[in-house]
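**Q** structural data only, the sequence is not supplied:
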């Protein structure tokens, strides 16, 4: 591993993930529900953007000016390629944190985001980042941080350390990360086969290991096999961030705000006796055995009055971002799965099924009944937003100004989808963020924009792309051999796309 990498894996590409928590438009509902004022996000920065998909989607689909760095040159080059394709003017660099954070030409930021960074870097880099946040985050600005959390990692952390030690000490020099990774996984498997007492005391470790070893190598390499890997208690993170003068605002996981699906009544009562935020959040993590936190912090929290909070919630605009029939009426929290109120949720989904923006206030007026009260509608909006079935809608001016750059980025992504299924999202100028669309969907969109008007034409267009590369489809894990079988499978997908997805994509201004 090269010295410039500072112990970070660089010879296996990071995944092409999209992270909705980094969408500035998503902050609004979380802050309103917490009774906090939220800023207008004009400038934003992502530290460690990976392949840069989130940054580029948010830069293309909104008017926010994005900056960021990722010290892996190949990832930064791809991110710049996306920025050039959209014309968003995102300023993306391939600098280490020490170099980027000391730049004199960066603006102050309304939003700084770190996804999948905090737990995987050295203390020296954490100090640099905290100093950067303290200097460059505006008063009232928001910080997003996600990290591996204790106590949820307590049982597995020793095994991760052992796998890393094998990876570092026993891996053959020059064999590359993937071979060393495979050796470490085999070593851990042999350890469990020897029936160690550790496995008896920590039975969950063996269960998690079986899940881990089935994951993609590029995910495993970056998740478990960097030199620096440090899960933390919430209180430790709060202590680290204190010099930056930020305080905890709320979880970026909307469902964390709903105690009834996460905490028993006795646990809720116990937490109410704890006035200190740091202690309270740490105790809550013990109650739910938290493994990964996604949190919003704010520099200078300002509470809203009850009137201001309700006015803000009523003005909050949303859109149904999934086909109506694909939205489940169950939800899963720390206490397990729970059923939603069918009367309330079906009423909301029926009104939103035309995929047009609507404010929560207008929704409440339209549905006013004994069941569909304002609190019930707000709670439903939080639940449905948590899973991405409902998304926040940005203001009309931002939508108009970002339509062209979103179209350009989506055209580029559709073009990439001809030969790769790595990227599974496209940009919506309605939501200012990403929408999950797989390879078939991206190719079908390309077909429609090329002039295909029927499911048959869409299927034929897509099969021509596959056939030209000698590719075949999989169905139930089995490769379809004949052109007829491949076309039949594509026709089924194209028919579903035609009836279910086209209305949705037009509502989101992707098609």
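**A** Structure's in. What do you need? The model shown is predicted, which means the values in this text are computed figures rather than measured ones. Residues are numbered from 1 along each chain as shown.
**Q** okay, residue 183: pLDDT?
**A** The model reports residue 183 with a pLDDT of 84.
**Q** that one against residue 169, yeah?
**A** No. Using CB atoms under 8 Å, residue 183 is not in contact with residue 169, being 10.8 Å away. (Glycine included, C-beta is placed from N, CA and C.)
**Q** these two - which one has more neighbours?
**A** residue 183 (17 against 7; other CB atoms under 10 Å).
**Q** can you confirm the more buried one is in a strand?
**A** No. Residue 183 sits outside any strand when classified using DSSP: H, G, I helix; E, B strand; the rest coil, being helix.
**Q** tell me the spacing between it and residue 439.
**A** Plainly put, residue 183 is 32 Å away from residue 439 if you go by CB to CB, to the nearest Å.
**Q** next one: residue 71
**A** 29 Å.
**Q** cool, residue 224 as well?
**A** 27 Å.
**Q** quick check: nearest residue in space to residue 399, chain neighbours excluded?
**A** Of all residues beyond its chain neighbours, the one nearest residue 399 is residue 429 (5.0 Å), with distances taken as CB to CB, 6 or more residues apart in numbering.
**Q** burial count for that neighbour?
**A** 25.
**Q** so how far is residue 59 from it?
**A** Using CB to CB, we find residue 429 at a distance of 12 Å from residue 59.
**Q** also residue 262?
**A** Distance from residue 262 to residue 59, by CB to CB: 34 Å.
**Q** residue 118: what's it in contact with?
**A** Neighbouring residues of residue 118 by CB atoms under 8 Å, 6 or more residues apart in numbering: 126, 129, 145-147, 232, 237.
**Q** my error: substitute residue 244 in the last question.
**A** 130-131, 133-134, 137, 143, 299.
**Q** what's the answer for residue 18, then?
**A** 53-54, 57, 424-425, 434, 436 are the contacts of residue 18 under CB under 8 Å, 6+ apart.
**Q** same check on residue 207?
**A** Applying CB under 8 Å, 6+ apart, no residues qualify as near residue 207.
**Q** just the pLDDT at it, thanks.
**A** 89.
**Q** same thing with the one 10 residues further on?
**A** The score at residue 217 is 77. That number is its pLDDT.
**Q** what separation do you get for residue 261 and residue 209?
**A** 28 Å.
**Q** those two: who's more crowded?
**A** For the pair residue 261 and residue 209, the greater number of neighbours falls to residue 209 (20 against 16), based on other CB under 10 Å.
**Q** in what helix or strand does that one lie?
**A** Residue 209 is part of helix 203-212, with elements assigned from DSSP states H and E.
**Q** so where do the helices sit in the stretch 351-500 of the chain?
**A** For the stretch 351-500 of the chain, the helices defined by DSSP state H, counting those that start in this stretch occupy 360-367, 374-386, 396-416, 439-450, 455-468, 483-496.
**Q** okay, the ones you listed in TSV with mean pLDDT, distance to residue 354 and mean neighbour count next?
**A** Output for these, formatted as TSV (pLDDT from 0 to 100; distance: least, CB to CB, whole Å; neighbours: other CB atoms under 10 Å):
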stretch	mean pLDDT	distance to residue 354	mean neighbour count
helix 360-367	94	12	17
helix 374-386	94	16	20
helix 396-416	96	17	18
helix 439-450	95	20	21
helix 455-468	95	22	18
helix 483-496	94	19	17
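**Q** can you list these in TSV and add distance to residue 349?
**A** Listed next are the helices of the stretch 351-500 of the chain as TSV, based on distance: least, CB to CB, whole Å:
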stretch	distance to residue 349
helix 360-367	11
helix 374-386	8
helix 396-416	23
helix 439-450	21
helix 455-468	25
helix 483-496	19
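**Q** which one, of these, ends up nearest to residue 289?
**A** helix 374-386 (19.2 Å; CB to CB).
**Q** which helices and strands sit right next to the closest one?
**A** Contact partners of helix 374-386 among helices and strands, from 3 or more CB pairs under 8 Å, 6 or more residues apart in numbering; DSSP states H and E: helix 24-33, helix 342-352, helix 360-367, strand 390-392.
**Q** got JSON lines for the ones you listed, with distance to residue 414 too?
**A** What follows is the helices and strands packed on helix 374-386, written out as JSON lines (distance: least, CB to CB, whole Å):
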{"stretch": "helix 24-33", "distance to residue 414": "23"}
{"stretch": "helix 342-352", "distance to residue 414": "27"}
{"stretch": "helix 360-367", "distance to residue 414": "33"}
{"stretch": "strand 390-392", "distance to residue 414": "21"}
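**Q** and these, which is most packed in?
**A** Highest mean neighbour count among the helices and strands packed on helix 374-386 (mean count of other CB atoms under 10 Å): strand 390-392, with a mean of 26.
**Q** pLDDT of that strand, averaged?
**A** 97.
**Q** mind listing the strands it pairs with, and their directions?
**A** Under the criterion DSSP bridges, strand 390-392 sits next to strand 317-320 (antiparallel) in its sheet.
**Q** give me the residues contacting the partner strand.
**A** 327, 349, 352-353, 355-360, 363, 381, 385, 389-393, 430-431, 504, 507-508.
**Q** how about that strand: buried residues?
**A** For strand 317-320, burial by neighbour count (16 or more other CB atoms under 10 Å) applies to 317-320.
**Q** helices of the stretch 201-350 of the chain, start to end?
**A** Secondary structure of the stretch 201-350 of the chain (DSSP H, counting those that start in this stretch): helices located at 203-212, 217-224, 234-241, 265-272, 277-288, 306-315, 342-352.
**Q** of all those, which one is nearest residue 487?
**A** Going by CB to CB, the one of the helices of the stretch 201-350 of the chain nearest residue 487 is helix 217-224, 32.1 Å.
**Q** so the closest one versus helix 203-212, what angle?
**A** Counting by axes from the mean of the first three to the mean of the last three CA atoms, to 10 degrees, helix 217-224 lies at 150 degrees to helix 203-212.
**Q** helices or strands next to helix 217-224 in the packing?
**A** helix 157-169, helix 177-193.
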